[in-house]
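# What would the 3D arrangement of this be:
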Amino acid sequence: MNLPNTLTLIRIAMIPLFMAFLLVKMPDGTAYFPYQDFVAAGIFSLASATDGLDGYFARKLKQVTNLGKFLDPLADKLLVSAALIALVELNLVSAWIVWIILAREFAVTGLRAIAAAEGVVISASKLGKLKTVTQIIAIALLILRDWPLSTLNIHIAQPMIYLALIMTIISGVDYIMKSKQLFVRSK
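Next up, the predicted model:
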């Protein structure tokens, strides 16, 4: 197992730990220990950082593998999906926003599967990468409930999740428009 794939597997393994810190509470709904949300946000941020690291090391060490091409986007989708679903459970984000984001992820994954069957590789676009960054920032801000900005009565988590939603839609449309030739090919 090479370093990039190991980092990806670590990201996947961190998801249950992140979920436990985010969701497991005392029977009265309070945290088991102080700063539990900070620990959850830290685990989420660390897991998110491994996304950039695994790609960097895969290219730098020339260790790009088919397993990595499969696992890396899967790990990203699992982490973001888990976080968004947990945030719905915590009433920190609306379910309709999460539904649109997840629908886009399924659609792009399906599009990539169709492309792969045709021998076409659809790489992550700059818009797709920007979408991921906005989602990660929005999720972290929601987990932390805008801390430290909330101490100054500044709240940007909700606007950030709307920005992430807009980027999700734009990047999804971009992938579809760039791949429309896959839908018109004759058999």
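# Read off the pLDDT value for Arg112.
The score at Arg112 is 83. That number is its pLDDT.
# I'd like to know the average pLDDT value across the helix or strand Ile139 falls within.
Applying DSSP states H and E as the criterion places Ile139 in helix 126-143. Computed over helix 126-143, the mean pLDDT rounds to 95.
# Touching that helix from outside, list them.
22, 37, 40-41, 44-45, 48, 51, 76, 80, 83-84, 87, 92-93, 101, 108, 156-157, 160-161, 163-164, 167-168, 170-171, 174-175 (CB atoms under 8 Å, 6 or more residues apart in numbering). C-beta: built from backbone N, CA, C; applies to glycine.
# Keep only those of those residues that are in strands.
Among these, DSSP state E puts none in strands.
# Give me the buried entries from those.
22, 37, 40-41, 44-45, 48, 51, 76, 80, 83-84, 87, 92-93, 101, 108, 157, 160-161, 163-164, 167-168, 171, 174-175 (16 or more other CB atoms under 10 Å).
# Settle this for me: Ala95 is touching Val88, isn't it.
Yes - counting by CB atoms under 8 Å, Ala95 does reach Val88; the two are 5.0 Å apart.
# Show me how far the helix holding Ile139 is from its chain's centre.
Averaged C-alpha coordinates place helix 126-143 at 7 Å from its chain's average position (CA atoms, centre = their mean, to the nearest Å).
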